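> the following block contains a protein sequence and its predicted model.
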Amino acid sequence: MQIAVMLGGLYFLYRVFGHGRRVKNSGAPGFAPVRPGEANGSWNAVVTADGKHPNFSGQRGHVRIENGWLGFHEENATAPTWIVPTNQIRGGCNTFLAMSEVWLESPLTGRINLTVSHEHINVLVDNDFKDHRERGYAVAFLTMLGRDGAQVSF
């Protein structure tokens, strides 16, 4: 019994600390394989229309902030889904009760919600520890977006 508990604990630590802590390169134009993180502004993302549930209607892919532009590239697409100048974007953090951490609004996209993360974003299974970390990723994302000219509120 003790061995099973110990093995279960080790597996839990592996999943929490060692699983999926990187942004996968999409291999698409505009998303060159560079080191992920705040330095280059790349995040895994789920984008949903305002009021929609991210697990059922969200578009999964990557967002990237670079040279005054914010782009979203849906998984397995050959071209970016949309690209918006950051000076045309307003954004902020959603409440803790919202399904996505960030809201954005621009003339091209309308109002959308995003979940951003440097880790894999869960589809159907929720993880409270990861949700807390995704709040931190959202703040980093909005901070970088604000530095690039967007109107950001926390």
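Here it is on my side, so go on. Numbers count the residues shown, from 1 in each chain.
> show me where pLDDT drops low in the protein?
12-40, 50-57, 96-99, 123-132 (pLDDT under 70).
> repeat that for 50
20-39 (pLDDT under 50).
> not counting sequence-adjacent ones, nearest residue to G92?
Distances taken as CB to CB, 6 or more residues apart in numbering put S153 closest to G92, at 4.1 Å, once the chain neighbours are dropped. C-beta: built from backbone N, CA, C; applies to glycine.
> the residue nearest to V102 when sequence neighbours are not counted: neighbouring residues, count only.
The shortest distance from V102 to any non-neighbouring residue, by CB to CB, 6+ apart, is to L114 (4.4 Å). Residues near L114, counting by other CB atoms under 10 Å, number 25.
> for this structure, longest helix please?
As assigned by DSSP state H, the longest helix anywhere in the chain is helix 128-147.
> identify the bridge partners of L70.
Following DSSP bridges, L70 is listed with bridge partners I65, V84.
> I'd say G149 and R90 touch.
No - counting by CB atoms under 8 Å, G149 does not reach R90; the two are 11.2 Å apart.
> that older thread, okay, and the beta partners of the residue nearest to V102?
Under the criterion used (DSSP bridges), L114 bridges to V47, V102.
> pretty sure V152 contacts G92?
Yes - counting by CB under 8 Å, V152 does reach G92; the two are 6.3 Å apart.
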